[in-house]
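[1] let me see the structure of the following:
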Amino acid sequence: MRGHTALRLGALDDVRVSVAGHQGATVLSLVADAFGGRGHGVPGPWRQLVRRAVPASAGQVLRPLFDPAYSVIPDCVTPTASMPGGDVATQCEQLGDLSADVLLAELETEFEGEVPAQWRPVVDRPARWIRAYAHLVQTVWEAFRPVWDSARPLLERETERVGSAVVRGCTDTLLAGLSSRFRLTGDRLLLPDPQNDTYALDGRRLVLVPVVSGPSTSMFALDRPDLVWIGYPLPGLGRLWGSGRPDGGTGGDGTDALALVVGEVRARILRAVGTPATMGEVAADVGCSPANLTHHCARLEQSGLLVRHREGQYVRLSRTPRGDALVGLLS
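    This next block holds a predicted model:
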């Protein structure tokens, strides 16, 4: 991980975890990918859906928020300000009532009196910018809402998965598997970020936010006094794209407790290595490609559930005592 910000969690058993299907986080991810040059991996049809819905001036309106030199979104206009509650419709109503003086005061505070060049057009005509921005957010949401509605079963299932992991004492496994862009090292969760900061959870609530956009989504806010929230790709997004799932899964009825905690593919892998087996044997048993298997095994090994060891020309897989205990508990 080239650059990262570290969140020190403390004792994982003491972390208060909740999940929020927050619409604003999805809208923010979509516009960041479609107009802000932030690669969240939004699939082409969804990106085009967003771009076609808004006026040609959308890029100009959003440019101050995603400028490479200094990217900042004032709290009064960010779609995630209401986290963990609220919805985009309410946010747009609040934007419509936002005073230009409030926005200008927040910009003055954020930049310590020296507002950078990309924000100058906003400072010159703040009321006009607020109207254009509120209209853009509302238009993106109205265009994308049918996709969000189709994702509701996946969001409900993710809520169950998070709750099941927490109740069963598997918070570390849950956090380690949120995204291939995150890394759990001891009690530190490393998040991709060129700022290279360090924050401590310090008893605040940790809100996990599954985002309906792309598999590279990475969003977080670690400086609120009441909570920390982290946005990550909603598991199963590939079902909505009409082509297989990003994690290689094939579906399921959601009743498998082990799959709810570690994911369907990884649950099958853990069950397949109840007795040690080679990578080739497990790939055939699980029904996934060697490259996909290697990815999932690396995550399971990182979580302390599986070990890989070489025997001649073969790599053999086996569960750890921790992996045995988890499979036994959830099967």
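[2] the longest helix in the protein is where?
    helix 126-150 (DSSP state H).
[3] beyond that helix, next helix or strand please.
    Next in sequence after helix 126-150, counting helices and strands by DSSP states H and E, comes helix 152-167.
[4] pull out the buried positions in that following helix.
    Residues of helix 152-167 classed as buried: 154, 155, 157, 158, 159, 161, 162, 164, 165, 166 (neighbour count, 16 or more other C-beta atoms under 10 Å). C-beta here means a position set from N, CA and C on the backbone, and glycine is covered the same way.
[5] got the CA positions of it in PDB?
    The C-alpha trace of helix 152-167 is given here as PDB (Å, rounded to 0.1, in the frame of the first residue of the first chain):
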ATOM      1  CA  ARG A 152     -31.800  -3.300  -1.600                       C
ATOM      2  CA  PRO A 153     -31.700  -7.100  -1.100                       C
ATOM      3  CA  LEU A 154     -27.900  -7.000  -1.200                       C
ATOM      4  CA  LEU A 155     -27.800  -4.100   1.300                       C
ATOM      5  CA  GLU A 156     -30.100  -6.100   3.600                       C
ATOM      6  CA  ARG A 157     -27.900  -9.100   3.300                       C
ATOM      7  CA  GLU A 158     -24.800  -7.100   4.100                       C
ATOM      8  CA  THR A 159     -26.500  -5.800   7.200                       C
ATOM      9  CA  GLU A 160     -27.100  -9.300   8.300                       C
ATOM     10  CA  ARG A 161     -23.500 -10.300   7.500                       C
ATOM     11  CA  VAL A 162     -22.000  -7.500   9.500                       C
ATOM     12  CA  GLY A 163     -24.300  -8.200  12.400                       C
ATOM     13  CA  SER A 164     -23.500 -11.900  12.400                       C
ATOM     14  CA  ALA A 165     -19.800 -11.300  12.300                       C
ATOM     15  CA  VAL A 166     -19.900  -8.900  15.300                       C
ATOM     16  CA  VAL A 167     -22.200 -11.000  17.400                       C
END
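[6] and it, what does it pack onto?
    strand 17-19, helix 171-176, strand 205-211, helix 257-262 (3 or more C-beta pairs under 8 Å, 6 or more residues apart in numbering; DSSP states H and E).
[7] what's in contact with that helix?
    Contact with helix 152-167 is made by 17-19, 21, 171, 173-174, 208, 210, 212, 234-237, 239-240, 254, 257, 260-261, as judged by C-beta atoms under 8 Å, 6 or more residues apart in numbering.
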